[in-house]
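Chemist: Need the 3D shape of this:
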Amino acid sequence: MPFRPVAEIVLRTVGLAAIVFATACILDRHQGLPLALLIFLILLVLLDFVLRRTTYGRHEPVRRPGLGPVRGSALPAAVVVDALSRTSQKAAGRA
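Modeler: Predicted structure coming up:
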């Protein structure tokens, strides 16, 4: 996995933080920041970190169904989306 320059990482982080802060300020002025949005954003950041930065996220989701890792494919994302879908269905009592 290629490493990105520190300046690029800092610039992206500051840009994303500015966007999130501006969005939170706008929502706070009108109706407040919904708790569901806050929980979603926290889960999004955590899952992004796990799926992109750990060995589990890069290899395990494609190994479970018996497939080998495929570079440049959307397969790992599809497996994660399927797992989240099944989990949410079970939590809602639909499965």
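Chemist: elements contacting the strand or helix carrying residue 85?
Modeler: Element membership for residue 85 (DSSP states H and E) is helix 75-92. Applying 3 or more C-beta pairs under 8 Å, 6 or more residues apart in numbering; DSSP states H and E, one finds that helix 75-92 contacts helix 35-53, helix 55-63. For the C-beta atoms, the positions are set from N, CA and C on the backbone; glycine is no exception.
Chemist: Now do it against helix 35-53, angle only.
Modeler: Interaxial angle of helix 75-92 relative to helix 35-53 (axes from the mean of the first three to the mean of the last three C-alpha atoms, to 10 degrees): 140 degrees.
Chemist: ranking the helices and strands packed on helix 75-92 by mean pLDDT, which is last?
Modeler: Per-stretch averages of pLDDT across these put helix 55-63 at the bottom, with a mean of 64.
Chemist: Using just helix, strand and coil, how would you label residue 17?
Modeler: Of the three states, residue 17 takes helix according to DSSP: H, G, I helix; E, B strand; the rest coil.
Chemist: Compute the number of surrounding residues for it.
Modeler: The number of residues packed around residue 17, counting by other C-beta atoms under 10 Å, is 10.
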